[in-house]
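Novice: mind looking at a prediction? Sequence and model below.
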Amino acid sequence: MVPAEDHYMLNNNHHFQLVLKGIEAGVYELDFDKKKFWWSSKFYELLGYKRGDIIPDKKRFLNEMVFPDDRKKLTDIFENYPKIEDHFIIDLRILHHNGNYRWYQLAGQTKTKEHGNPHLIGSLRDIQKSVEQQERNQKNELLLEEVGFMAKVGGFEIKLNPFSSTWSKEMSLIHDLPEDEDFVPNFEQSMQYVKPEYLSEVKNVINDALTKGIPYDIESKIITAKGREVWVRAIGKPVYDDKKEKVIGLRGVFQDIDAQKEKELAFKASVNLINEQNHRLMNFSHIVSHNLRSHATNLELTLNLIEMETDPKELAHLEENLRKISKSFNKTMEHLNEIIVIQAETNINRKSIKFKEVTKGILAALKAEIEQTGARIDYDFEACPEIDYVPAYLESILQNLISNGIKYRRPDISPEIHLKAYRQNQRIILEVSDNGLGIDLAKYGDKLFGMHKTFHDNPNAKGIGLFITKNQIEALGGKISVRSEVNKGSTFTVVF
Amino acid sequence: MDPVLLTCLIDDDEIFVYAMKKIINMKQLSLETITFDRVEKALDYLSEKQSEITAIPDVILLDINLPGEDGWDFIESFEQFSAEMIKKPKIYMLSSSANPVDQQRALSNKNIENYFVKPLSKENFQSIFGTWPA
């Protein structure tokens, strides 16, 4: 039986009626004693009905219309009355007339004895859209967080006047800071993670972004809270006020690009290595062709002359020349072999070698020349006594540089040669300096380490030593350079 | 073509120099031949003798690949005083290997007559000395 509409106090009040019409919420009233339930027209409408389509019934509403999982929330309120005398708001799903569950917000306030029977009065709002939106937001947020985590991308925002800054969770992770900590670094604090050599660049771009509105995209290194060095890419864009006139802040992303950057650097290094090797091989093939051709030319010429010659004395001379050609040919082949070995053996085993031991061995081998020239040779390997290197190469390099120092001495003074090894920027450096003839680098600089180039009228000079030395050093990833002054001396610097 | 009286050979390869001198003498291509194993020595000689017409070679055979200053350095220095020379020698550049870069560079230089690859052929000699007796 449908209760008379005027039984309910809400329905009786003319003002309420106006209010009910004006708001986007349904209203209900539940009379516990009489177990009666009244819905406003909007209440029906929100559930897809018209008044009269169904009869509001507490039990039926609970058991047939409220989504089973949400039923308990409401049962507690409906059944435990009057223990609950407070205001309540619950979100729950209710079966719409169209057969689908929708999200609604049900609010209520109990009314006790003063109004006669205990009542529950409240409202019903359709919150389907906002729940969907909220779900979407949560999903997006999760997705963003997940994406940020996977791509190692963090976000940051700096606001001016008053200054404030915000970091996303991933920003903290990139900096090795605990993610649960609500860390809001001020400008100076955030700058303390920038590796000092990048600090001025980072400060400059941020300053330019805030004062001149210039966006930036830079790569730099940070030192994290755990002391790790990490390559990062920071992209910043100025944020303008509503009139788009004044920069009021800075917003950007911050990405951990360490893995890519290390790969990129390794790739660049290997490209350089390949280029250098290529260059050496080109150089090498050019030299091979040139040297072999010279001998072939001489052989041909001399043989032709022998055919034409009749004078026995001249013939003897030509035969002697043939022997010389054969000897030079052999010498060239030996040199070429030596170089081929260098090209082929870049991967042979390095061993820990003591500079002092190798030097002593060389000095013993050069004893005759040292005594004959009165050369004084001293060394200082205190700062770096050892090196991991191919023993035969180190021996050859040292031998070449020391014997060059003796070979190209000034005729008027006895040679002095100093050897020194030390570390710089994680590389081992060897310096060999002499007080010899020196080299006019402006004139010969580019040819010094070439093949068959000698710069002094010296019968011992074969012009191959420095070429081999350079090849050995470069084959193992090092560099050799020289500083020199004519009649003062030379200093060769090897970066291993 | 005037007969070549003085030939200058600049090359550090003693065997090649010996053979060249022998060929030039046997074929009587030049009355006299002087040789230098270094560019610096040849330049010293030429700058010193620039006004002695009989001491200036008619032909210079210049190797490219030399220790110290090379054939190109010679050309560079030579160009600085050649205008003051009483006579202008014809310069031929010689090389053991046919290097297209060197060849191009030689042929585009107005001070260089030609570029030849060692050993010189009969035709090369003929174009340098204008003769090649049987």
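Specialist: That came through fine.
Novice: tell me the helix or strand right after the worst-scoring helix or strand of chain B on mean pLDDT.
Specialist: Taking mean pLDDT, DSSP states H and E as the measure, the helices and strands of chain B show their lowest mean at helix B:100-107, namely a mean of 88. Scanning forward in sequence from helix B:100-107 by DSSP states H and E, the next helix or strand is strand B:112-117.
Novice: A:Asn207: what's it in contact with?
Specialist: By CB atoms under 8 Å, 6 or more residues apart in numbering or on different chains, no residues touch A:Asn207. Placement of C-beta: from N, CA and C, glycine included.
Novice: now it: which helix or strand?
Specialist: Element membership of A:Asn207 [criterion: DSSP H and E] is helix A:196-212.
Novice: what stretches of the stretch 251-400 of chain A score poorly on pLDDT?
Specialist: A:284, A:287, A:339, A:342-348 (pLDDT under 70).
Novice: where exactly do the helices run in it?
Specialist: A:258-308, A:312-344, A:355-365, A:367-373, A:391-407 (DSSP state H, counting those that start in this stretch).
Novice: from the contact counts, what lies against the shortest one?
Specialist: Using 3 or more CB pairs under 8 Å, 6 or more residues apart in numbering or on different chains; DSSP states H and E as the contact criterion, the neighbours of helix A:367-373 among helices and strands are helix A:391-407.
Novice: and the very next helix or strand once past the helix it packs on, C-alpha only, in PDB?
Specialist: Of the helices and strands lying after helix A:391-407 in sequence (DSSP H and E), the nearest is strand A:416-424. Extracted in PDB, the C-alpha atoms of strand A:416-424 (Å, rounded to 0.1, in the frame of the first residue of the first chain):
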ATOM      1  CA  GLU A 416     121.200  14.300 -19.800                       C
ATOM      2  CA  ILE A 417     118.000  12.400 -19.800                       C
ATOM      3  CA  HIS A 418     115.200  12.500 -17.200                       C
ATOM      4  CA  LEU A 419     112.400  10.000 -17.000                       C
ATOM      5  CA  LYS A 420     109.300  10.600 -14.800                       C
ATOM      6  CA  ALA A 421     106.000   8.800 -14.400                       C
ATOM      7  CA  TYR A 422     102.900  10.100 -12.700                       C
ATOM      8  CA  ARG A 423      99.200  10.000 -12.700                       C
ATOM      9  CA  GLN A 424      96.800  12.600 -14.100                       C
END
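Novice: quick one: distance of the helix or strand just after strand A:416-424 to the chain centre.
Specialist: Sequence-wise, the next helix or strand beyond strand A:416-424 is strand A:427-434, with elements assigned using DSSP H and E. Its chain's average C-alpha position is 33 Å from that of strand A:427-434, according to CA atoms, centre = their mean, to the nearest Å.
Novice: go on, stretch B:85-101?
Specialist: Distance of stretch B:85-101 from its chain centroid, counting by CA atoms, centre = their mean, is 6 Å.
Novice: buried set for it?
Specialist: B:Met85, B:Pro89, B:Ile91, B:Tyr92, B:Met93, B:Leu94, B:Ser95, B:Ser96, B:Ser97, B:Asn99 (16 or more other CB atoms under 10 Å in any protein chain shown).
Novice: residue boundaries of the helices in chain B?
Specialist: Ranges of helices in chain B, per DSSP state H, are B:14-26, B:39-48, B:71-81, B:100-107, B:122-129.
Novice: which one of these lies nearest to chain A?
Specialist: helix B:14-26 (4.0 Å; CB to the nearest CB).
Novice: return the alpha-carbon coordinates of that closest one using PDB.
Specialist: C-alpha atoms of helix B:14-26 as PDB (Å, rounded to 0.1, in the frame of the first residue of the first chain):
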ATOM      1  CA  GLU B  14     122.200   6.500 -52.900                       C
ATOM      2  CA  ILE B  15     121.500   3.500 -55.200                       C
ATOM      3  CA  PHE B  16     119.000   5.300 -57.200                       C
ATOM      4  CA  VAL B  17     121.300   8.300 -57.500                       C
ATOM      5  CA  TYR B  18     124.100   6.100 -58.600                       C
ATOM      6  CA  ALA B  19     122.000   4.500 -61.200                       C
ATOM      7  CA  MET B  20     120.700   7.800 -62.500                       C
ATOM      8  CA  LYS B  21     124.100   9.300 -62.800                       C
ATOM      9  CA  LYS B  22     125.300   6.300 -64.600                       C
ATOM     10  CA  ILE B  23     122.400   6.400 -67.100                       C
ATOM     11  CA  ILE B  24     122.900  10.200 -67.700                       C
ATOM     12  CA  ASN B  25     126.600   9.600 -68.300                       C
ATOM     13  CA  MET B  26     126.200   6.600 -70.500                       C
END
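Novice: what about the closest residue to B:Pro133 other than its chain neighbours, neighbour count?
Specialist: Once flanking residues are discounted, B:Pro133 sits nearest to B:Lys27: 5.6 Å by CB to CB, 6 or more residues apart in numbering or on different chains. Residues lying near B:Lys27 (other CB atoms under 10 Å in any protein chain shown) number 15.
Novice: repeat that for B:Gln103.
Specialist: Residues lying near B:Gln103 (other CB under 10 Å) number 16.
Novice: surely it is in contact with B:Tyr115?
Specialist: Yes - shown here, B:Gln103 and B:Tyr115 form a contact pair, counting by CB atoms under 8 Å, at 4.9 Å.
Novice: domains for chain A, by residue range?
Specialist: The record's domain parsing of chain A by automatic domain parsing lists A:5-126, A:149-256, A:263-344, A:351-495.
Novice: most tightly packed of the ones you listed?
Specialist: With neighbours defined as mean count of other CB atoms under 10 Å in any protein chain shown, the domains of chain A peak in mean count at domain A:351-495, which reaches a mean of 17.
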